[in-house]
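Asks: this one's structure only:
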């Protein structure tokens, strides 16, 4: 065999090797991309913030209130602060779509104030109707232990004075 024949044979042998190497490289890139995409999706779905909604508390009492909607998490609602301008981002996450909504609260000021960790007011309510799309939870706290909740797409807000304490609409869930 001549030198030129050997070179042509060598080139002919290299071409399938190069093609096979390129094919293996493309397969490895696709596999890594698929694994990374699945891992990112799994992490996003298991995020502790997934499914959380913001809470707009309305305190119609003359005293500061500390309340909880989930074990281990508490928030403050200033005295007589029912304008809808305060918001607790990532304030509530239902365990399931049908799980009851548990509200615990205490007065943090005034004659009925109780120490941290003691919640004389506790109520379990059914989940309020939930509209489609992004929602927030309106939480209304009234004197003598009344509480009302509802999901809305747009909360009631008043820049100058408290919102009306009457419950507008028929989508409220309340203990009284």
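Replies: Structure received. Keep in mind that this is a model prediction, so the values were computed, not measured.
Asks: what secondary structure does residue 104 sit in?
Replies: Classification of residue 104 using DSSP: H, G, I helix; E, B strand; the rest coil returns strand.
Asks: Start at 209, not 1
Replies: Will do, 209 is the new start, and the previous item becomes residue 312.
Asks: Test my guess that residue 318 contacts residue 270.
Replies: Yes - counting by Cβ atoms under 8 Å, residue 318 touches residue 270, with 6.8 Å between them. All C-beta atoms are positioned from the backbone trio N, CA, C, and that covers glycine.
Asks: who touches both of the two?
Replies: Common contact partners of residue 318 and residue 270 (Cβ atoms under 8 Å, 6 or more residues apart in numbering): residue 287.
Asks: Show me where this protein has its helices.
Replies: Counting by DSSP state H, the segments of the chain that form helices are 211-253.
Asks: Next up, the contacts around residue 327.
Replies: 276, 312-314.
Asks: Residue 296 now?
Replies: Listed by Cβ under 8 Å, 6+ apart, the contact partners of residue 296 are 262-263, 265, 283.
Asks: any idea of the pLDDT on it?
Replies: pLDDT, residue 296: 91.
Asks: For residue 225, see how far away it is.
Replies: To residue 225, residue 296 is 63 Å away according to Cβ to Cβ, to the nearest Å.
Asks: How about the contacts made by the most centrally placed residue in the chain?
Replies: Closest residue to the average C-alpha location of the chain: residue 260 at 1.4 Å, with Cα atoms, centre = their mean. Residues in contact with residue 260 (Cβ under 8 Å, 6+ apart) are 298-301.
Asks: out of these, which are buried?
Replies: Buried by 16 or more other Cβ atoms under 10 Å: 299-300, out of the contacts of residue 260.
Asks: State the number of residues packed around the residue lying closest to residue 292 once chain neighbours are set aside.
Replies: Of all residues not flanking residue 292 in the chain, residue 365 sits nearest, at 3.9 Å (Cβ to Cβ, 6 or more residues apart in numbering). Number of residues near residue 365 (other Cβ atoms under 10 Å) recorded here: 11.
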